[in-house]
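Novice: fold the following.
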Amino acid sequence: MDKKGYLDIVQQKLTSRKLLIMIVSTILIGFGKISGDEWTAIALGYVGVEGLADIATRWKFGAKQ
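Specialist: Numbering: from 1, shown residues only. Take a look at the predicted model:
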């Protein structure tokens with residue numbers, strides 16, 4: 001049995017986390033819950049952290065075949 005939940009599996013198959021965070025942030029800015037500066041910070045922060053994680057994974061385990 002997979003340790004991931006059902007929604008995690010569906011979300012992983014449908015979209016990347018980067019795209020999902022951009023969609024949610026865009027919806028929040030549309031409803032006025034966050035500002036444009038906050039949207040930019042979220043986008044840059046998440047993409048940057050994910051990029052560093054990808055680099056570390058490739059360095060440790062090599063490129064995907």
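
Novice: please count neighbours and contacts with C-alpha atoms only from this point.
Specialist: Will do.

Novice: how close does Met22 sit to Ala41?
Specialist: As judged by CA to CA, to the nearest Å, Met22 and Ala41 stand 11 Å apart.

Novice: when the two are compared, which one has more neighbours?
Specialist: Met22 (17 against 12; other CA atoms under 10 Å).

Novice: does that one lie in a helix or a strand, and which?
Specialist: helix 17-30 (DSSP states H and E).

Novice: mean confidence for that helix?
Specialist: Regarding helix 17-30, the rounded mean pLDDT is 87.

Novice: buried residues, that helix. List them.
Specialist: In terms of neighbour count (16 or more other CA atoms under 10 Å), helix 17-30 has its buried residues at Met22, Ser25, Thr26, Ile29.

Novice: same check on stretch 47-56?
Specialist: Applying 16+ other CA under 10 Å to stretch 47-56 flags Val47 as buried.

Novice: ok, and what's touching it?
Specialist: Lys18 (CA atoms under 8 Å, 6 or more residues apart in numbering).

Novice: tell me where the model's unsure across the chain.
Specialist: Scanning the chain for pLDDT under 70 picks out 1-3, 11-15, 63-65.

Novice: roughly how far out does whichever helix in it runs longest sit from the chain middle?
Specialist: If you go by DSSP state H, the chain has its longest helix at helix 36-61. Its chain's C-alpha centre and that of helix 36-61 lie 8 Å apart, by CA atoms, centre = their mean, to the nearest Å.
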